[in-house]
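Asker: Structure, please.
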Amino acid sequence: MSKFLSNKLRNLIPYVPGEQPKKGEFIKLNTNENPYPPSQNMADIAQKVAKELNLYCDPNCSVLTDTFCKYYNIDCNEVLFGNGSDEILAFCYLAFCDREVAFPNISYGFYQVFSDLFNIQAEQIALNDKFEINIEAYFNKNKTIIIANPNAPTGIALNENQIETILQNNAQNVVVIDEAYADFSGYSAKKLINKYENLVVVGTFSKSRNLAGARLGYAIANENLISDLAMVKNSYNPYNVNALTQTLGIESIRDDAYFKECIQKIINERNNFIEFLDRNDFYTLPSKANFVFTKSNTISGEQLYQNLREQKILVRYFKTIGDFVRITIGTTEEMNAVKKALKN
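Answerer: Predicted coordinates:
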């Protein structure tokens, strides 16, 4: 680092993204991407939008907002879009975290990075021995709460009653439910935003909508909370969602059949893979996401990771979480290759 770096950042440990190998080098199942490409309609429309990139994009994402809100049956003042859900989470930190924040000790790594970056005291609350969130540990915290649902990397999801109980016991502070993987679970807390004034639901087009490379995220909340987030956004980067991404987001929503088809294929493949793991001496957590968190009962997690890597299959191994590896659900062909490799 240079001598000019601010002293408050000298001890910052940045987020480390999953490895991004050259295309075709590995079967890439380490970053929870959707294995299916965007629909052909998106590719066709992208070429048209490219001809207008000399102009600034719409800072209000007006057409995207209108399309999104009609699809999800919410008001247009109840959503805000961002450059991926990570940017939306950063806006939440700036808007709602004065001093302290609480989140699970095993969850999305960016929560701690944002806490450090924005000088917010973070309380990491331990999961139970089944890797589940203990909702009572979040009652009356008097600090902003962030929960990924389904959680990552475990894939375990809270039900609606559990989420409502957390909201009811934190009426004086904001609760952020990060729903990056919610479309694979069959449940979303979106419908609760007008029942609880302290709820912010964060989502992304990266996972279920095949657009990880486009960077499109959103927050859904009541009008007052969205107004707070919009003030932060417009004080930082009003043109935060580029024209091409806005158009791809619109087409993703309109092509509903393709969206649902891809989700169902991933869910079917996930369930099939879990059954395979259960038959082959693995312990796997009950996933509601587009990945599984599993460990072999015969070899270490590090050895399992290395064995798969040697067979050109890339998964995610977290040294701090014992012998579990996280395996993204790919296509049938990719998952068959994983099964074959696990038997070797």
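Asker: which other helices and strands contact the helix or strand of the chain with the lowest mean pLDDT?
Answerer: Lowest by mean pLDDT, DSSP states H and E among the helices and strands of the chain is helix 40-50, with a mean of 83. For helix 40-50, the elements it packs on are helix 243-254, judged by 3 or more Cβ pairs under 8 Å, 6 or more residues apart in numbering; DSSP states H and E. In short, each C-beta sits where N, CA and C put it, glycine included.
Asker: Show me how the record splits this protein into domains.
Answerer: 18-37+257-343, 40-254 (automatic domain parsing).
Asker: Can you verify my assumption that residue 208 contacts residue 184?
Answerer: Yes. Counting by Cβ atoms under 8 Å, residue 208 touches residue 184, with 6.5 Å between them.
Asker: Ok, which of the domains of the chain comes nearest residue 9?
Answerer: Smallest distance to residue 9 across the domains of the chain (Cβ to Cβ): 7.7 Å, for domain 40-254.
Asker: What's the end-to-end length of the closest one?
Answerer: For domain 40-254, the first and last residues are 13 Å from each other (Cα to Cα, to the nearest Å).
Asker: Could you name every residue contacting both of residue 208 and residue 184?
Answerer: Residues touching both residue 208 and residue 184 (Cβ atoms under 8 Å, 6 or more residues apart in numbering): 263, 290.
Asker: Ok, which of the domains of the chain comes nearest residue 7?
Answerer: Here domain 40-254 is closest among those (Cβ to Cβ), at 11.7 Å.
Asker: Show me where the stretch 1-150 of the chain has its helices.
Answerer: Using DSSP state H, counting those that start in this stretch, the helices found in the stretch 1-150 of the chain span residues 40-50, 62-72, 84-96, 110-117.
Asker: chain center to the longest one, what's the gap?
Answerer: Think helix 84-96. Mean C-alpha position of helix 84-96 versus that of the full chain (Cα atoms, centre = their mean, to the nearest Å) differs by 13 Å.
Asker: And for stretch 334-344?
Answerer: 26 Å.
Asker: How about stretch 277-284?
Answerer: Computed by Cα atoms, centre = their mean, the chain-centroid distance of stretch 277-284 equals 26 Å.
Asker: what does stretch 37-47 give?
Answerer: 23 Å.
Asker: same thing with stretch 270-279?
Answerer: That offset, for stretch 270-279, works out to 23 Å (Cα atoms, centre = their mean).
Asker: again, but for stretch 302-316
Answerer: 23 Å.
Asker: End to end on it, go ahead and measure it.
Answerer: 10 Å.
Asker: what's the answer for stretch 234-252, then?
Answerer: So stretch 234-252: terminal residues 25 Å apart, Cα to Cα.
Asker: And for stretch 185-204?
Answerer: 14 Å.
Asker: Report the rounded mean pLDDT for it.
Answerer: The average pLDDT for stretch 185-204 rounds to 98.
Asker: residues contacting residue 267?
Answerer: By Cβ under 8 Å, 6+ apart, the contact set of residue 267 is residue 184.
Asker: let's go with 10 Å and repeat that
Answerer: Residues near residue 267 by Cβ atoms under 10 Å, 6 or more residues apart in numbering: 183-186, 287-290, 329.
Asker: Closest to residue 218 out of these?
Answerer: Distances from residue 218 to the contacts of residue 267, taken by Cβ to Cβ, are shortest for residue 183, at 12.9 Å.
Asker: what about the closest one, how many neighbours?
Answerer: 22 (other Cβ atoms under 10 Å).
Asker: my read: it touches residue 209, true?
Answerer: Yes. Residue 183 sits in contact with residue 209 when judged by Cβ atoms under 10 Å, with a separation of 8.0 Å.
Asker: any common contacting residues for those two?
Answerer: Counting by Cβ under 10 Å, 6+ apart, the residues touching both residue 183 and residue 209 are 203, 259, 262-263.
Asker: picking up where we left off before, mind checking which of the contacts of residue 267 are in helices?
Answerer: Among the contacts of residue 267, no residue falls in helices (DSSP state H).
Asker: Check the residues you listed for burial and list the buried ones.
Answerer: 183-185, 287-290, 329 (16 or more other Cβ atoms under 10 Å).
Asker: Go through these and say which is closest to residue 281.
Answerer: Using Cβ to Cβ, the buried ones among the contacts of residue 267 come closest to residue 281 at residue 287, 18.1 Å.
Asker: All good on my end, thank you.
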